[in-house]
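Engineer: Model the following, please.
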Amino acid sequence: MKILVADCDGNHARELSAQLKAQDDAFSIILAGPGENLLDAVRRACPDVVIVDMARPDRDGLDSVRALNAQQMVPVLMFIDDDDPQFMEEAIAAGVSSYHVGGVTLPAIKPILRTAMAVFQRMRGLQNQLAEAQEQIEARQTIDAAKRLLMAQDKMSEPAAHRFLQRRAMDQQKKITDIAAALLRGRKTETS
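Structural biologist: Numbering: from 1, shown residues only. Okay, the predicted model is just below:
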């Protein structure tokens, strides 16, 4: 498993890396370079998981996690020295899969890594389902709007308007949604 360790303190990052290696020598540990942006480090290293270790909570550091999460690239674990419930909520909202208050020594990391990866995969699946549902709703709204337009302007019944869109879609070998959107655009420009 490739693990990217991102910590602004190089000595702390090396210490964390040694602890990870001591727990499992199969871990491949990559350190983010000094001053390296988290997104750039992830692109360079292509890790399976990212560990962000912060001696003190840093809200600017969460911006990098947000940007990383927006691209849905990898699960992020965060280790913080001090308990800060508000920061924890912000970190989770930014996309941290697993948040731990622990100080310098790491607990047994394997179950934490597996849990973080499972949570990340679950959230990614839910995001994909949500995006798919939103696309279906938008497609249905476009088709319904086109049918309403045909019913109002061409005095078609709802079933006739639907058949009209279906026939056009089959004739042009396109999706019915694309036909409906083109009809709406075309009729809108005619009336403008």
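Engineer: Tell me the spacing between Ala91 and Asp81.
Structural biologist: Between Ala91 and Asp81 the computed distance is 14 Å (Cβ to Cβ, to the nearest Å). Yep, even glycine has a C-beta here, placed from its N, CA and C like the rest.
Engineer: The lengthiest helix in the chain: what's the following helix or strand?
Structural biologist: The longest helix of the chain (DSSP state H) is helix 109-153. Heading C-terminal from helix 109-153, the first helix or strand you meet, by DSSP states H and E, is helix 158-172.
Engineer: ok now that next one, how far from the chain's centre?
Structural biologist: Here helix 158-172 is found 36 Å from its chain centre; the criterion is Cα atoms, centre = their mean, to the nearest Å.
Engineer: just checking, what packs against that helix?
Structural biologist: Using 3 or more Cβ pairs under 8 Å, 6 or more residues apart in numbering; DSSP states H and E as the contact test, the elements touching helix 158-172 are helix 109-153, helix 176-191.
Engineer: re earlier: could you give the angle of the longest helix of the chain to helix 158-172?
Structural biologist: If you take axes from the mean of the first three to the mean of the last three Cα atoms, to 10 degrees, helix 109-153 sits at 110 degrees to helix 158-172.
Engineer: What is helix 109-153 packed up against?
Structural biologist: Checking 3+ Cβ pairs under 8 Å, 6+ apart, helix 109-153 ends up next to helix 10-23, strand 49-54, strand 76-80, strand 98-101, helix 158-172, helix 176-191.
Engineer: would you turn these into TSV with mean pLDDT?
Structural biologist: Shown next, in TSV, are the helices and strands packed on helix 109-153 (pLDDT from 0 to 100):
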stretch	mean pLDDT
helix 10-23	79
strand 49-54	82
strand 76-80	85
strand 98-101	84
helix 158-172	95
helix 176-191	88
